[in-house]
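Chemist: got a predicted model here, sequence first, then my questions.
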Amino acid sequence: MIAAADFNITKVERSKLNDINLENIPFGKYFTDHMLEVDYEDGEWKTVEIKPYQPLLMQPSMAAIHYGQAIFEGIKAYKGPDGGAYMFRPQDNFKRFNISAERMQMPQVPEDIFMEGMRTLIKLDSNWIPDKEDHSLYIRPFMFSTDEMIGVKPSDKYKFMIILSPTGPYYNTPMRIYVEEHYVRAAPGGVGYAKAAGNYGAAMYATAQAKKQGYDQVLWTDAFEHKYVQECGTMNVFFIIGNTAITPGLEQGTILAGVTRDSAIAVLKDMGFTVEERDLSINDIIDAYHAGVLYEVFGTGTAATISLIKELKYKDFSMKFDIDRWRTAPELKKRLNDIRYGKAADKYGWMYKI
């Protein structure tokens, strides 16, 4: 087992926090004083370093640039009522990270490096955690291949890193969503379930086309019929139809097994909803809208938390929602936030104290 005492830690002489106002801070723009870095070479992980946040020196032939062996995770830490720092379900992100690593033919990151490294880094930069509603410290573990050669094969060398970013809401306002029926995010047998960097790069063109039409994101549909809904931009998606919450299932391996998605399912059940994880066609969604039983549509994600969707556009038909009348998504967000910020009992055991 690796402990913090085994890490090489170099601290900054002066914190950048002296020059940054954490009020109304945008998502992902600022980064804390320190970062974690460890290399994988000769079949083993080397010494973990925590050092001042700084640029990386890399060769133009570095494998990740050419062949896309790169994965990441997103986790959040919150300021508790006792002034301590707490992470939300980091063990689940650790497990998912290594599922992604296996799919991308990358080495497994040991739990002690991932978890103890993250804990030590956050403890060092805990003053960066904003003490404000809907604000948090965003944690970005990531790994990429570092072989310095050109050749299509799994790399022999890798770099695992963690950086931290104080952040506000990812989506500030309810969203308008375009239902995509031409471009494809993922197909069965692909890497849709992995948090691979290429998934996000491949989604940007379709998203840009939707934004030209005034929409914020796309709701992806299946690769074969463009009929069944999948993910929504950077989020999982839920539909409240009657007293049932429906979210696309994970069986096809085309969508990410979201930690916030899983948390939302648990809380929705406690709220009295029947939750179904299954295929849901856009035609069924439209039928529910016409019948007046499609009550709410919202996204879930680590960055997005719970994000309201005020409009769905499919072909020439637009489904618009009066979000001021909604009760489910706001209550779900409140219950999750109350657990994260220590305002409610953590009966699920989700919070990890630093």
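Modeler: Thanks, I have it.
Chemist: would A77 count as being in a helix?
Modeler: No: judged by DSSP: H, G, I helix; E, B strand; the rest coil, A77 forms no part of a helix; its state is strand.
Chemist: which residues touch the residue lying closest to it once chain neighbours are set aside?
Modeler: Nearest residue to A77 in three dimensions, chain neighbours excluded: L137, at 4.2 Å (C-beta to C-beta, 6 or more residues apart in numbering). Backbone N, C-alpha and C define where each C-beta goes, glycine included. By C-beta atoms under 8 Å, 6 or more residues apart in numbering, the residues touching L137 are 32, 76-78, 85, 122, 125, 128-130, 164-167.
Chemist: what's the distance between L137 and T32?
Modeler: 8 Å (C-beta to C-beta, to the nearest Å).
Chemist: which neighbours do these two share?
Modeler: D125, W128, L164, S165, P166.
Chemist: in the protein, where is pLDDT below threshold?
Modeler: 304 (pLDDT under 70).
Chemist: which stretches in it count as helices?
Modeler: Counting by DSSP state H, the chain has helices at residues 63-67, 90-103, 111, 117-124, 197-212, 259-270, 282-290, 328-340.
Chemist: show me how this structure divides into domains.
Modeler: What automatic domain parsing lists as the domains of the chain is 4-169, 175-340.
Chemist: out of the ones you listed, which gets nearest to Y352?
Modeler: Minimum separation from Y352 across these (C-beta to C-beta) falls at domain 4-169, 4.4 Å.
Chemist: on that earlier part again, most tightly packed of the helices of the chain?
Modeler: Ranked by mean neighbour count under mean count of other C-beta atoms under 10 Å, the helices of the chain are led by helix 117-124, which reaches a mean of 21.
Chemist: show me what that one is packed against.
Modeler: Here helix 117-124 touches strand 34-41, strand 49-52, strand 85-88, strand 136-145, strand 158-167, going by 3 or more C-beta pairs under 8 Å, 6 or more residues apart in numbering; DSSP states H and E.
Chemist: now these as a markdown table including distance to K227?
Modeler: Below are the helices and strands packed on helix 117-124 laid out as a markdown table (distance: least, C-beta to C-beta, whole Å):
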| stretch | distance to K227 |
| --- | --- |
| strand 34-41 | 42 |
| strand 49-52 | 48 |
| strand 85-88 | 34 |
| strand 136-145 | 34 |
| strand 158-167 | 36 |
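Chemist: which one, of those, ends up nearest to I285?
Modeler: strand 85-88 (29.7 Å).
Chemist: noted, bye for now.
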